[in-house]
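Peer 1: Predicted model and sequence follow; I will ask about them next.
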Amino acid sequence: MSTLIEIISLCNRVTRITLVLSTKEFNVDGSALWHALDALPLQSLVLALDVKLPPPISTFNMFNNLSHLDVNDKSFLNQPTTELGSFQALTHLSVVFIHERTDPLAITQIISNQRLRVLAFRVEVDHYLVEGFLEHHGIRDGRIVLFPIELNNWGRLGQGDMLMWELAEEQVKLPMAVYERHRCVSHSRIQNICADYNDVKRRPEWNPYCTQWTRAATGGTTGMARTKRLGV
């Protein structure tokens, strides 16, 4: 039995767990890990390691109670799956959005879940590409929030992964201006939260990946100009 599985087996009352590991121990067969997690009364799970969701999900009881899930499986959005119906209590989901591989039907299937309050996409491309993808496929949902691709160590701020969800919910509740096409939390915003916690100097907030389209009058005609959005 691996050391990780042994540790998990000792935490039989844990309701929130974050696994940030560089191991490739479970990238081929993650069944031992999933069975160990299935024995826990989990409500929140963050998986930052190379492991795919187990097939079939419906055979694992943990997904009946899981309300918050952040998974680093870069193939999660590659194709739709009816298995998502097994997430009976899921209200917050964070997944990696790979622009070239994401299947729009996978997103449509996720947002059809009326219980879902937040759908976070971790992206590493310019946000206008994500905007264009969603608009091209007729996907417009106020619950979608874009985050940096990098996972932040929320635990060092004393709130665990719940802080990420608080930031996402804060964005979802804000009204969107007419010219805005998406909601996002910038890397500098996260850095300043860390700065406040450590009582150090903040830095100006801006997001090089985040863009907005604004109307610009040019010689009597109206065009669209892409600009960086400040203070995100």
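Peer 2: Here it is on my side, so go on.
Peer 1: what's the distance between the closest residue to Ala39 other than its chain neighbours and Asp38?
Peer 2: Using C-beta to C-beta, 6 or more residues apart in numbering and skipping the chain neighbours, the partner closest in space to Ala39 is Asn12 (6.6 Å). For the C-beta atoms, the positions are set from N, CA and C on the backbone; glycine is no exception. Separation of Asn12 from Asp38 (C-beta to C-beta, to the nearest Å): 12 Å.
Peer 1: quick one, which of those two is more surrounded?
Peer 2: Asp38 (14 against 9; other C-beta atoms under 10 Å).
Peer 1: how about the more buried one, what does it touch?
Peer 2: Phe60, Asn61, Met62 (C-beta atoms under 8 Å, 6 or more residues apart in numbering).
Peer 1: Name the member of the residues you listed with the most neighbours.
Peer 2: Result: Met62 is most packed of the contacts of Asp38 (other C-beta under 10 Å), 19 neighbours.
Peer 1: where does the nearest residue in space to Glu83 that is not next to it in sequence land on pLDDT?
Peer 2: Spatially, and ignoring its direct neighbours in sequence, Glu83 is nearest to Ile57 (4.2 Å; C-beta to C-beta, 6+ apart). pLDDT, Ile57: 80.
Peer 1: In this structure Ile57 contacts Leu69, no?
Peer 2: No: taking contacts as C-beta atoms under 8 Å, Ile57 lies outside contact range of Leu69: 11.0 Å.
Peer 1: And these two? Which one has more around it.
Peer 2: Leu69 (20 against 17).
Peer 1: ok, residues contacting the helix or strand where that one lies?
Peer 2: Secondary structure assigned from DSSP states H and E places Leu69 in strand 68-71. Contact with strand 68-71 is made by 16, 43-48, 53, 87, 90-96, 120, 151, 161-162, 164-165, as judged by C-beta under 8 Å, 6+ apart.
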